[in-house]
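J.: The sequence and its predicted three-dimensional model are supplied below.
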Amino acid sequence: MFLYRTLIALIRPPYRPYLYLQQLLQIGVNSTLVIALIGLFTGAVLAVQGEYTLSKFGATAYTGPAVALSLIRELGPVLTALMVIGRAGSAVTAELGIMRITEQIDALRSMAVDPIKYLMAPRLAAGLIAMPLLCGMFNVVGIFGGYLVGVGLLGLSPGTFMSQIMSATGVVDVWSGFIKALVFGLIFGWVSCYKGYTCGFGAQGVNKATTQSVVTASVAVLIVDYFLTSVLTRVFME
């Protein structure tokens with residue numbers, strides 16, 4: 001019911017664009033540095049492990065596709081979601097929880113301002129918009145990190161590395177990753193806002209809500225990822 005009310009609030013006037021831009025700044029823009037850093041070293045690790053594993057089969061030329069497909073289809077969306085949940089999801093829950101225990105949400109309602117429309121909808125929309133964009137940046141930076149390590153340190157051919165990526169990666173792979181990121185953005189906004197909105201009173205209530213938000217959203221991402229992978233693989237293969 002909470003998710004339904006929030007989705008309805010997204011399309012119902014009045015619209016307050018500055019609230020959405022403010023949440024995009026806090027959730028999306030402020031997460032770019034940590035996402036880029038994690039993406040760079042994730043791609044580097046994948047290149048090292050991929051080259052080591054594929055060298056046993058004489059297939060080091062496929063290190064590039066191994067890095068790219070691993071990032072685009074799986075690690076990009078999942079790691080982006082987990083990092084955003086840990087950085088921004090906890091902050092959203094704590095902020096809303098403090099507003100709950102200090103009765104600011106009740107004050108909004110007393111002034112005829114719908115707290116779902118004013119507080120929850122912008123955060124949910126920001127998660128839906130920011131997560132796919134951050135996932136795309138994670139993939140690009142990760143492939144760049146894999147290229148630096150594979151070509152610069154492991155001595156792979158730069159032409160082979162990039163050409164194999166372009167030939168092995170298709171639009172279907174990109175769409176699969178972005179669909180996952182969109183769903184994970186929904187989970188992020190849904191769980192973070194709900195836990196903050198239903199927060200118990202006192203510092204202990206905020207602490208409990210924040211912990212539950214991060215754990216619940218992270219576990220939900222991993223569980224949903226399995227089912228999405230199964231469904232999307234079957235749909236796109238057919």
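T.: Ah, there it is. Numbering: from 1, shown residues only.
J.: burial count for Val151?
T.: For Val151, the neighbour count with other CB atoms under 10 Å is 19. No exception for glycine: its C-beta is placed from N, CA and C like everyone else's.
J.: And the residue lying closest to Pro158 once chain neighbours are set aside, its phi and psi?
T.: In space, Pro158 comes closest to Val151 once its chain neighbours are excluded; the distance is 4.7 Å by CB to CB, 6 or more residues apart in numbering. Per-residue torsions, Val151: phi -90, psi -40 (degrees, to the nearest 10).
J.: looking at it, Val151 is touching Thr160, isn't it?
T.: No - with contact defined as CB atoms under 8 Å, Val151 does not reach Thr160; the gap is 9.4 Å.
J.: pull the longest helix from the chain.
T.: Once the chain is assigned using DSSP state H, the helix that runs over the most residues is helix 202-237.
J.: buried set for it?
T.: Neighbour counts over helix 202-237 (16 or more other CB atoms under 10 Å) mark 205-206, 209-210, 212-214, 216-218, 220-221, 224-225, 228, 232 as buried.
J.: Of these, just say which sits nearest to Thr169.
T.: Leu232 (15.3 Å; CB to CB).
J.: Am I right that that closest one is in contact with Val174?
T.: No - checked against CB under 8 Å, the pair Leu232 and Val174 is beyond contact range at 11.8 Å.
J.: so who does Arg16 touch?
T.: Tyr118, Pro122 (CB atoms under 8 Å, 6 or more residues apart in numbering).
J.: what does Thr233 give?
T.: Under the criterion of CB under 8 Å, 6+ apart, the contact partners of Thr233 comprise Ser176.
J.: and if you look at Ile27?
T.: Applying CB under 8 Å, 6+ apart, we find Ile27 in contact with Val84, Ala88, Val92, Arg123, Ala126, Gly127, Ala130.
J.: And Gly86, by the same measure?
T.: When contacts are taken as CB under 8 Å, 6+ apart, Gly86 is in contact with Val214, Ser218.
J.: again, only this time at 7 Å
T.: When the contact criterion is CB atoms under 7 Å, 6 or more residues apart in numbering, the partners of Gly86 are Val214.
J.: where's it relative to Gly64, distance?
T.: Separation of Gly86 from Gly64 (CB to CB, to the nearest Å): 30 Å.
J.: do the same with Gly39
T.: Using CB to CB, one gets 16 Å for the distance from Gly39 to Gly64.
J.: Which of the buried residues of helix 202-237 scores worst on pLDDT?
T.: Across these, no position has a lower pLDDT than Leu232, which has 87.
J.: how many neighbours does the closest residue in space to it that isn't next to it in sequence have?
T.: Of all residues not flanking Leu232 in the chain, Ser176 sits nearest, at 4.8 Å (CB to CB, 6+ apart). The burial count assigned to Ser176 is 21, neighbours taken as other CB under 10 Å.
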